[in-house]
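Asks: when you get a sec, could you give me coordinates for this:
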Amino acid sequence: MRAVLQRATWGEVSVDGEVIGRLDPSPGLVILLGVGPDDGEAEARLLAEKIAGLRIFADAEGKMNLSLLEIGGGALVISQFTLYADLRRGRRPGYTGAASPEIAAPLVALVMEELRRRGAPTQGGRFGAQMQVRLTNDGPVTIMLDTDFWR
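Replies: Sure thing, here's the model as predicted:
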């Protein structure tokens, strides 16, 4: 699984002009999440654990020393198969490295469930929909995670 975490003071996702998810409470993380064909429940749980405990929020001294859970922040998860874009040939990306929707959708839902289980209020987009994501990136702090690094 691949995730791009954006520390944010505000965020929302809409479909057809209707807001379907918000970063609430904020600040928190807007998470773009892609699933690979070899990913499973173990990767989803590991990724949620890493995200929940990642110390990228400022403490009283302004140092990145607090986690999402420690600040009581929320998460907004957006499925993003384009994180698996293959750009090795030509100028048009290929996406055969991304998991099929049948594999990816339940794993995105599991990451969200695992974040909630750990104590992070979590909302999300609509899998497979054309979404508009808006956020205010804080810092900016943007972190990339890939479970392949932990295999």
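Asks: from here on, contacts and neighbour counts on C-alpha atoms
Replies: Noted.
Asks: measure Ile78 to Leu29 for me?
Replies: 11 Å (CA to CA, to the nearest Å).
Asks: who's more crowded, those two?
Replies: Leu29 (34 against 26; other CA atoms under 10 Å).
Asks: number of nearby residues for Gln132?
Replies: 15.
Asks: sec struct for the residue nearest the centre of the chain, please.
Replies: Compute the mean C-alpha point of the chain, and by CA atoms, centre = their mean the closest residue is Ile31, 2.3 Å away. Secondary structure state of Ile31, per DSSP: H, G, I helix; E, B strand; the rest coil, is strand.
Asks: what is the lengthiest helix in the chain packed up against?
Replies: Taking DSSP state H as the criterion, the chain has its longest helix at helix 101-117. For helix 101-117, the elements it packs on are helix 41-53, strand 74-79, strand 122-124, judged by 3 or more CA pairs under 8 Å, 6 or more residues apart in numbering; DSSP states H and E.
Asks: as a markdown table, the ones you listed with mean pLDDT and distance to Trp10 would be great.
Replies: Shown next, in a markdown table, are those (pLDDT from 0 to 100; distance: least, CA to CA, whole Å):
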| stretch | mean pLDDT | distance to Trp10 |
| --- | --- | --- |
| helix 41-53 | 97 | 18 |
| strand 74-79 | 98 | 10 |
| strand 122-124 | 98 | 13 |
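Asks: closest one to Asp138 among these?
Replies: strand 74-79 (13.9 Å; CA to CA).
Asks: what's the angle between the closest one and helix 41-53?
Replies: Here strand 74-79 points in a direction 140 degrees away from that of helix 41-53 (axes from the mean of the first three to the mean of the last three CA atoms, to 10 degrees).
Asks: and the angle from strand 74-79 to helix 101-117?
Replies: Between strand 74-79 and helix 101-117, the angle comes out at 180 degrees (the same axes, to 10 degrees).
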